[in-house]
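**Q** Give me coordinates for this.
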Amino acid sequence: MNISDFLITMSQNADIEQTTLFPFPFRYHIAFACIALIFFAYRFIRDKQPYQAILAVAIPLSLVISVSENKTLFYIIGIVELILLIAAFVTSIVFKKKKNVAESEAAAESAAEEAAGNTDGGEE
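**A** Numbers count the residues shown, from 1 in each chain. Predicted structure coming up:
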């Protein structure tokens, strides 16, 4: 056996990991999904922002792709993930604006109360 035969044989029998959808091994994907679920669930309980609940569901949902090699399931999960990510993006913008409006109204109300308190105190 010469060197060229050896190289050809090794290239055919090499233990090359099959390319997958994710750039890292499945065990890391599971760990990432669990950490993301815990993090976003905690943040949702604490902050009550809807996008956090959406992301708490969307990220672990990507694990469903590994259940089957069916292309239909692959595309359905992809579409659902896209919809959830768009929904999370939109709700983060919408609820941020509502929160800012509520904060500015509260600040204006407290400023009006302070101004009313200062004029009442000066008249006495």
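**Q** buried residues in stretch 58-73?
**A** For stretch 58-73, the neighbour count (16 or more other CB atoms under 10 Å) marks 58-60, 62-63, 65 as buried. All C-beta spots, glycine's among them, are computed from the backbone N, C-alpha and C.
**Q** Let me know the helix or strand that the closest residue to residue 63 other than its chain neighbours is in.
**A** Excluding its sequence neighbours, the residue lying closest to residue 63 (CB to CB, 6 or more residues apart in numbering) is residue 33, at 5.5 Å. For residue 33, the host element (DSSP states H and E) is helix 26-47.
**Q** before we move on, the earlier item: contact partners for the residue nearest to residue 63?
**A** Residue 33 is in contact with 59-60, 62-63, counting by CB atoms under 8 Å, 6 or more residues apart in numbering.
**Q** do that again at 10 Å, thanks
**A** 59-63 (CB atoms under 10 Å, 6 or more residues apart in numbering).
**Q** Same question for residue 41.
**A** 52-53, 55-57.
**Q** Where in the chain is the helix or strand with the lowest mean pLDDT?
**A** Ranking every helix and strand in the chain by mean pLDDT, DSSP states H and E puts helix 3-13 at the bottom, with a mean of 57.
**Q** The nearest residue to residue 64 once chain neighbours are set aside is in what secondary structure piece?
**A** Computed as CB to CB, 6+ apart, the closest residue to residue 64 that is not its neighbour in sequence is residue 77, at 5.4 Å. If you go by DSSP H and E, residue 77 is part of helix 71-123.
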